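1. sharing a model that was predicted from the sequence below.
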Amino acid sequence: MNMYLITNIIGVLVFLAIAFLFSKDHKHVNWRSVIVVLIINLFVAFFLTNFSWGRNAVQGAADGFNWLVQVSYTGIAFALPDWVNAKPMNFVTSALLPILMIVPLFDILTYFGILPFIIKWVGKFMKLITGQPRFEAFYSVEMMFLGNTEAIAVSGLQLKKLSKERILTIAMMSMSCITASIIGAYTQMVPGEYVITAIPLNIFNAIIVTSLLNPVRVSPEEDTIAKMGDSAEETDENGKPVREPFFSFLGDSILASGKLILIILANVIAFVALANLISKLLGLINPWLSLEHILGIILFPFSWLMGLDVNHAFEFAQYMGTKLMTNEFVVMGQISDHINSFPPHFRAQITVFLTSFANFSTIGMIIGAFKGIVDRDKNNHISKNVIYLLLSGVLVSLLSAGIIGLFVW
């Protein structure tokens, strides 16, 4: 075990080194933030693997977000009852249609100044801990359970104010979240305690990885929180911005949410279909060839660095490749019947690695979400850095799995 533990420690350091190697700006990496957040993450991993009441607290927060999503299903069920009652729900129902309620709800909170107030003070607290700008710090908490498309959508007002470099950071972080509504489905297939542990680990590792890959210097003048009316064109006789009537504003929010869903859906369909086409074309050359298998071979050294023997490392790498090409549910379905027979170290790491949305279809979701919110220049900047989105998602999952592995043998 000592040899495997040493390998696991080296693996965590290698994952961090890879992020630094591919950094866009080596000179301006915020090492204070990286080191502090890494220490916090090690403590969180130790705490959540040893104390059940800590996991219960995370589960309680997840249940709160899940309740919000379940409420959104009542509206969906009124119009499309067969979609909500289907088991399992389709992707559109579970991941996209809740946007129609959640985004207007957060827009209402923004309209009355409540959400900017929350972002300001939660952001200040998280900035104090992590050293990140206020909005990025808040976003890391926001996306913990809300899901990437929802978190992006409800942050539209803030995102419009950010530079394209900061927008890329948000896009990269968005590769590493999950939606609260599917936590229950995860825990039916893989060990629930590691699913819950993965949620905060992924968020802190997203901060670490983006700090290394995409360091962005934010001045105090730029580190502000946008409010309704900041960019209003109309003003009253006293020079104050004229606020749009509430129901007109709400109608615009709902229509924008519907448009956003269509954009995301189109991008997801295209990305998944094109990735599958590549695999099919490779299969014509050799039936064994596929993107899943190729990715599995490429990722083998990284799975071995998590303190696994060669056989388990190869098996892990194949699961990693399948997850990136399809999604976490496919792999969870493959291993759910026998995961309890896995060695504890392997079982914990595979569960944590799978607990995220990091895959090719998520790239389509994120690009689609931003296309409905920010301008062409910022969208183009994200599209030019798609490889960084994928690299960020993979490194966060590897780091989370590597860190949990330090405490479970």
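-> That came in fine, so what should we check first? Residues are numbered from 1 along each chain as shown.
2. return the residues in contact with the residue lying closest to L354 once chain neighbours are set aside.
-> Spatially, and ignoring its direct neighbours in sequence, L354 is nearest to E328 (4.4 Å; Cβ to Cβ, 6 or more residues apart in numbering). From N, CA and C alone the C-beta is placed, and that goes for glycine too. Residues in contact with E328 (Cβ atoms under 8 Å, 6 or more residues apart in numbering) are 186, 354-357, 359.
3. those residues, buried ones only, as a ChimeraX selection?
-> Buried members of those, defined by 16 or more other Cβ atoms under 10 Å, are picked up in ChimeraX with:
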select :186,354,355,356,357,359
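4. just the closest of the contacts of E328 to A79, please.
-> The closest of the contacts of E328 to A79 turns out to be F357 (Cβ to Cβ; 26.1 Å).
5. the closest one against N148, yeah?
-> Yes. Using Cβ atoms under 8 Å, F357 makes contact with N148 at a distance of 6.0 Å.
6. which neighbours do those two have in common?
-> Common neighbours of F357 and N148 (Cβ under 8 Å, 6+ apart) are 175, 177, 365.
7. is it possible to get a markdown table of those residues that adds pLDDT?
-> Shown next, in a markdown table, are the shared contacts of F357 and N148 (pLDDT from 0 to 100):
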| residue | pLDDT |
| --- | --- |
| M175 | 90 |
| C177 | 80 |
| M365 | 81 |
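8. doesn't K161 belong to a helix?
-> No. With DSSP: H, G, I helix; E, B strand; the rest coil as the criterion, K161 is coil rather than part of a helix.
9. so how far is A266 from M143?
-> 22 Å (Cβ to Cβ, to the nearest Å).
10. give me the more crowded residue out of the two.
-> M143 (25 against 13; other Cβ atoms under 10 Å).
11. any idea of the mean pLDDT for the strand or helix carrying that one?
-> Per DSSP states H and E, M143 falls inside helix 134-146. For helix 134-146, mean pLDDT rounds to 80.
12. now for that helix, which elements pack on it?
-> Here helix 134-146 touches helix 52-79, helix 114-130, helix 148-154, helix 164-173, helix 192-213, going by 3 or more Cβ pairs under 8 Å, 6 or more residues apart in numbering; DSSP states H and E.
13. just want the angle from that helix to helix 164-173.
-> Angle of helix 134-146 versus helix 164-173, following axes from the mean of the first three to the mean of the last three Cα atoms, to 10 degrees, is 20 degrees.
14. what angle sits between helix 134-146 and helix 52-79?
-> Going by the same axes, to 10 degrees, helix 134-146 makes 80 degrees with helix 52-79.
15. now helix 134-146, how far from the centre of its chain.
-> 10 Å (Cα atoms, centre = their mean, to the nearest Å).
16. check stretch 73-83 too.
-> From the chain centre to the centre of stretch 73-83 is a distance of 26 Å (Cα atoms, centre = their mean).
17. please put the alpha-carbon coordinates of it into PDB.
-> C-alpha atoms of stretch 73-83 as PDB (Å, rounded to 0.1, in the frame of the first residue of the first chain):
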ATOM      1  CA  TYR A  73     -41.300  19.700 -12.900                       C
ATOM      2  CA  THR A  74     -44.900  20.600 -11.800                       C
ATOM      3  CA  GLY A  75     -45.000  23.200 -14.600                       C
ATOM      4  CA  ILE A  76     -43.500  20.800 -17.100                       C
ATOM      5  CA  ALA A  77     -46.000  18.100 -16.000                       C
ATOM      6  CA  PHE A  78     -48.900  20.400 -16.700                       C
ATOM      7  CA  ALA A  79     -47.800  20.800 -20.400                       C
ATOM      8  CA  LEU A  80     -45.900  17.500 -21.000                       C
ATOM      9  CA  PRO A  81     -47.100  14.900 -18.400                       C
ATOM     10  CA  ASP A  82     -45.600  12.000 -20.300                       C
ATOM     11  CA  TRP A  83     -42.200  13.500 -20.300                       C
END
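18. residues in contact with it?
-> 84-85, 89-90, 92-93, 97-98, 100-101.
19. who wins for most neighbours among those?
-> Within the contacts of stretch 73-83, most neighbours by other Cβ under 10 Å means P98, with 26 neighbours.
20. for that one, which non-adjacent residue is closest in space?
-> According to Cβ to Cβ, 6+ apart, the nearest residue to P98 is S72 (4.0 Å).
21. how about low-confidence regions in this structure?
-> Within the chain, the segments meeting pLDDT under 70 span 1, 62, 65, 88-89, 91, 95, 145, 180-181, 184-185, 226-243.
22. mind naming the longest helix for it?
-> Scanning the chain for the longest helix, with DSSP state H as the assignment, gives helix 246-285.
23. give the buried residues for it.
-> Buried residues in helix 246-285 (16+ other Cβ under 10 Å): 249, 253, 256-257, 260-261, 263-265, 267-268, 271-272, 275, 282.
24. these: which two are farthest apart?
-> F249 and L282 (49.6 Å).
25. thought L109 was touching L115?
-> Yes. Between L109 and L115 there is a contact under Cβ under 8 Å: 4.0 Å.
26. quick one: I339 and V190 touch, right?
-> Yes. With contact defined as Cβ under 8 Å, I339 counts as touching V190 (5.8 Å).
27. so the two - more neighbours on which side?
-> The neighbour count for I339 versus V190, taken as other Cβ under 10 Å, is higher for V190 (24 against 16).
28. pretty sure the more buried one contacts M332?
-> Yes. The pair V190 and M332 qualifies as a contact (Cβ under 8 Å) at a distance of 5.5 Å.
29. between those two, which contacts overlap?
-> Contact with both V190 and M332 is made by residues L354, according to Cβ under 8 Å, 6+ apart.
30. elements contacting the host helix or strand of I183?
-> For I183, the enclosing helix or strand under DSSP H and E is helix 183-189. In terms of contacts (3+ Cβ pairs under 8 Å, 6+ apart), helix 183-189 is packed against helix 52-79, helix 192-213, helix 328-335.
31. can you do 7 Å?
-> helix 192-213, helix 328-335 (3 or more Cβ pairs under 7 Å, 6 or more residues apart in numbering; DSSP states H and E).
32. what's the most buried one of those helices?
-> Sort the helices and strands packed on helix 183-189 by mean neighbour count, taking mean count of other Cβ atoms under 10 Å, and helix 192-213 sits at the top with a mean of 26.
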